[in-house]
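>>> Here is a sequence together with a model predicted from it:
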Amino acid sequence: MAEESDLLRFLQERSDGNLLSLTAQREAARQFDCSLRDIEETALSHSILPERYQRNGLLPAQQLLLFHAKVAIIGSGGLGGRVAELLARMGVGNIFLTDPDIFNESNLNRQNFCTTETLGDYKVEVVARELKKINPILNIEMTKGLFSETSVSAADLIVDGLDSIEDRRHLSQLCMKYCRPLIHAAVNKWYGQVGVEQLKSNLIAQLFPLQAQALSPPQVLPPTVALLAAMQAAEVCKLILGQNSPLTAAWLHCDLLNCEYHLLPYK
């Protein structure tokens, strides 16, 4: 208890107003022999805000909600990789990555962690490594394979970064089973869709009826991927923070070619 009070005093002394630099966090971790995660949790619990979150405009209590949240990102490519980066920068503290694939040349047009140097590497390994460079307090778990019941049940929220209709239906069923919100998005050239499926909605079944067939291979333009991933990340943060969203009652169709956006109520 004395050590905890000493740590808090140290953080208060090193903070500028209520802002704490990463340098001060690292100094505290060395001096008190604890992790940066421990330092961040202690700081946020006592209304001290890590400086890297200053521009979020959130209260320390809200950042603490993000810190404790557990988000599973199913698919770590175009949508999933960008969502993961945005959540890491926002301060979401626990990210679970799932993807069986390696980066190939066709990913270079849109997948933000795909470079000529990472071709042939497992996506989850590259994304996890790069996320830790962005936010060192992250707790990251990764699965080099298809998602499972554990992938869903261990998280608070699930992000759909898949490109298979069949896999989306299966993921939706698991989210329903474990009462987990599913933040869906899909992209086709200039067009995209995004929505939040919860227990009482049937978004995936509505968007992908049993007779629907996937485009092979899917056509995906980088701007559309970036926009839809940003929308998914925003919905994740709103759910964590308890903010209302129209996308819990309707899905959004995006047409970047004609700059048209339409909210369509769930049936």
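Cool, the structure landed. Numbers count the residues shown, from 1 in each chain.
>>> just checking, next helix/strand downstream of the lengthiest helix in the chain?
Ranked by residue count, the top helix of the chain under DSSP state H comes out as helix 222-241. Going down the chain from helix 222-241, the next helix or strand is strand 250-255, by DSSP states H and E.
>>> Just checking: what are the partner strands of that following strand?
Paired strands of strand 250-255, with direction, are strand 191-197 (antiparallel), strand 260-265 (antiparallel) (DSSP bridges).
>>> I'd like those strands laid out as CSV, including mean pLDDT, distance to residue 223 and mean neighbour count.
The way it works is simple: take the backbone N, C-alpha and C, and place the C-beta from them, glycine included. Listed next are the strands paired with strand 250-255 as CSV, based on pLDDT from 0 to 100; distance: least, C-beta to C-beta, whole Å; neighbours: other C-beta atoms under 10 Å:
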stretch, mean pLDDT, distance to residue 223, mean neighbour count
strand 191-197, 97, 10, 24
strand 260-265, 96, 14, 11
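>>> so can I have a markdown table of the ones you listed showing distance to residue 208?
What follows is those, written out as a markdown table (distance: least, C-beta to C-beta, whole Å):
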| stretch | distance to residue 208 |
| --- | --- |
| strand 191-197 | 10 |
| strand 260-265 | 14 |
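>>> Let me know which of those strands is the nearest to residue 13.
Among the strands paired with strand 250-255, the nearest to residue 13 by C-beta to C-beta is strand 191-197 (42.8 Å).
>>> which residues touch that closest one?
Identification of contacts with strand 191-197 by C-beta atoms under 8 Å, 6 or more residues apart in numbering yields 172, 175, 181-186, 203-204, 207, 224, 227-228, 231-232, 235, 239, 245, 247-248, 250-257, 266.
>>> downstream neighbour of it in the secondary structure list?
Past strand 191-197, the next helix or strand by DSSP H and E is helix 203-207.
>>> neighbouring contacts of that next one?
Here helix 203-207 has contacts from 168-169, 171-172, 182, 184, 186, 193, 195-197, 251, 266-267, using C-beta under 8 Å, 6+ apart.
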